[in-house]
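*Asks:* What would the 3D arrangement of this be:
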Amino acid sequence: MYIRGRIAGLNNLREQYTRQLPGANDLQRPILERDIAALRNGVYPDDVDPDEIEIMVMKDHVFSNEPLTTAELMTYNTYFELYPWKIAGQQVVTTSRDFPVTVVGTRADVEAAIDKTLGKNKLDLEVMALELELKLFEL
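*Replies:* Coordinates of the predicted model:
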């Protein structure tokens, strides 16, 4: 339910900023464009309190408790909001209009993310691989 409130909050704020864009002056336009790009990627602008937005949205709407659809999971970085340990590094907000969120990490971060996702240590994985190999030879 919280995640659907987050999606609705991001969507409402993005629509609000998009409506302001045509009347924006030369100083406001780049800021609005940057904020819209950030919202598109699931990041609230610095001057916005995400909890406040989401609480207001959740007061006005009743959201389903059904599992999220694929579209919902892929909208506004929702998948990584739910599963932050699957990010191989740290998400960093940039000044890029087209790619306002990037991941900065090392090889160790990637290996740690894979290990967390698989939930097994390397020895367990090697044992499973050998067992599978033996089964294949039996065929």
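
*Asks:* Span of stretch 89-105 from start to end?
*Replies:* End-to-end distance of stretch 89-105 (Cα to Cα, to the nearest Å): 4 Å.

*Asks:* list the buried ones in that stretch?
*Replies:* The neighbour-count criterion (16 or more other Cβ atoms under 10 Å) identifies 91, 100-101 as the buried residues of stretch 89-105. C-betas here are computed from N, CA, C, even on glycine.

*Asks:* Now tabulate these in CSV and tack on distance to residue 80.
*Replies:* Converted to CSV, those look like this (distance: Cβ to Cβ, whole Å):
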residue, distance to residue 80
91, 7
100, 14
101, 9
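
*Asks:* In CSV, list those residues along with pLDDT and distance to residue 25.
*Replies:* Putting the buried residues of stretch 89-105 into CSV (pLDDT from 0 to 100; distance: Cβ to Cβ, whole Å) gives the following:
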residue, pLDDT, distance to residue 25
91, 83, 31
100, 80, 22
101, 83, 27
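
*Asks:* Can you flag which of these belong to strands?
*Replies:* Counting by DSSP state E, the buried residues of stretch 89-105 place 91, 101 in strands.

*Asks:* and which of the buried residues of stretch 89-105 is nearest to residue 20?
*Replies:* residue 100 (18.0 Å; Cβ to Cβ).

*Asks:* This protein: helices as residue ranges?
*Replies:* 2-20, 28-40, 50-60, 70-73, 78-82, 107-118, 122-138 (DSSP state H).

*Asks:* Listing request: residues of this structure with sub-threshold pLDDT.
*Replies:* Applying pLDDT under 70 to the chain flags the ranges 1, 119-122, 139.

*Asks:* closest to residue 96 out of the helices of the chain?
*Replies:* When the helices of the chain are compared (using Cβ to Cβ), the closest one is helix 28-40, at 7.8 Å.

*Asks:* now the closest one: how far from the chain's centre is it?
*Replies:* Taking Cα atoms, centre = their mean, to the nearest Å, one finds the center of helix 28-40 at 18 Å from the center of the full chain.
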